[in-house]
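J.: What shape does this take:
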Amino acid sequence: MKLGVICDGISRDLRHAVDVMDDFGLDYAELQFVGDTEVGDHSAQEVREIDALLRDRGKPVSCLSRHVFAGMTVANRPGDALHQRHMDALRRVIDMAHVVGSPLVRIMTPKKEQILWGAGGAEKWNVAHGAWDSILPLIAPAVELARTEGITLVVETGNGTMVNSNATARRLIDDLDARDALKVLWDPANNCWCHELAYPDGYEAVQGGYLGHVHIKDVKVDTPRATLEVREMGEGQLGPLFQPIADALRTDGYNAVVSLESVYHPGNGNFEAGFRACIDRFKTIFGP
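T.: Residues are numbered from 1 along each chain as shown. Purely as a prediction, here's the structure:
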């Protein structure tokens, strides 16, 4: 496995983030916000400067992570104004990916409808009819664009999105017949909200060529109280599962990147301090 970090979890000052990466021997830079700007919105000159900095410091880009399709709903349709804005943004991110050499571009999915399939009466009374089918034509043009551009998309298992588990991510890929161009960006902490057990259940769902990228953080969820707490790595509900996940990835020969998603702070709003609290455990578990 290759180890990296989502850089803005340390700092939106990319140069400083790279300095911290060097301090801890992290090689792979995942970009989401650089400065106050989300990837896909930087000028051509800014993209060249980002590329030059990372290449000079020996930090390959693992993934460009824009929130493509996030915030859309089942009311949106292919080609409507919001969908077109997301597709235009995706094109810009792919253009940036070609410059900085990123093999992956992240997409999200529209807002979650809770019950997508059912039986025994639920199919009549409880299912959000048509919700799942409505997102397929929204994502399909992105897959075709990725094929044309020679890039791989990764769909994140996101909180509050239609794909919020590895099971739904795999189904999306299968329903779009897109295993060649779309993989799963597995964020097992996000999957805790829908109570998908990260290991073995979540891991087994992405075996067989579905997994493209991994985000690691630790959380404690309380779904009935609609409360989420990010915790220091190892101190949340994923604590006992990180090692089995890492062992399984090694056994199966996973050779892509695992990114630490540094969204924890120790109560003071200092996310770099949160990163420093988690990095040693992250490297011990997922490192060589």
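J.: show me the contacts for residue 241.
T.: 188, 197, 198, 199 (CB atoms under 8 Å, 6 or more residues apart in numbering). Every C-beta, even on glycine, is put in place using the N, C-alpha and C of the backbone.
J.: Please convert the residues you listed to TSV, extending it with pLDDT, secondary structure and neighbour count.
T.: Formatted as TSV, the contacts of residue 241 follow (pLDDT from 0 to 100; DSSP: H, G, I helix; E, B strand; the rest coil; neighbours: other CB atoms under 10 Å):
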residue	pLDDT	secondary structure	neighbour count
188	98	helix	26
197	98	coil	14
198	98	helix	21
199	98	helix	18
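J.: farthest pair in these?
T.: Spatial extent of the contacts of residue 241 (CB to CB) is set by the pair 188 and 197 at 9.2 Å.
J.: what does stretch 273-288 rub up against?
T.: For stretch 273-288, contacts defined as CB under 8 Å, 6+ apart pick out 1, 3, 5, 9-10, 20, 24-26, 216-218, 232-234, 242-243, 246, 249, 258, 260, 262-266.
J.: out of these, which are buried?
T.: 1, 3, 5, 9-10, 20, 24, 26, 216-218, 232-234, 242, 246, 249, 258, 260, 262-265 (16 or more other CB atoms under 10 Å).
J.: Restricted to strands, list the residues you listed.
T.: Under the assignment DSSP state E, those contribute 3, 5, 216, 218, 258, 260 to strands.
J.: hey, what's the third one bridged with?
T.: Looking back up the chat, that one is residue 216. residue 260 (DSSP bridges).
J.: Tell me who's in contact with it.
T.: So residue 216 contacts 188, 189, 233, 242, 258, 259, 260, 261, 282, 286 (CB under 8 Å, 6+ apart).
J.: and what of the fifth one?
T.: Applying CB under 8 Å, 6+ apart, we find residue 258 in contact with 1, 2, 3, 4, 214, 216, 249, 286.
J.: From residue 227, how far off is the nearest residue to it once chain neighbours are set aside?
T.: Closest residue to residue 258 apart from its sequence neighbours, by CB to CB, 6 or more residues apart in numbering: residue 214 at 4.5 Å. Separation of residue 214 from residue 227 (CB to CB, to the nearest Å): 25 Å.
J.: Which of those two has more residues huddled nearby?
T.: More neighbours surround residue 214 than the other of residue 214 and residue 227, with 25 against 9 (other CB atoms under 10 Å).
J.: So that one belongs to a helix, correct?
T.: No. Counting by DSSP: H, G, I helix; E, B strand; the rest coil, residue 214 is not found in a helix; it is strand.
J.: Over to the residue lying closest to residue 175 once chain neighbours are set aside. Which of the three states is it?
T.: Closest residue to residue 175 apart from its sequence neighbours, by CB to CB, 6+ apart: residue 136 at 5.9 Å. Following three-state DSSP, we place residue 136 in the helix state.
J.: what about whatever helix or strand residue 17 lives in, distance to the chain center?
T.: Secondary structure assignment for residue 17, by DSSP states H and E: helix 14-24. Averaging C-alpha positions (CA atoms, centre = their mean, to the nearest Å) puts helix 14-24 21 Å from its chain's average.
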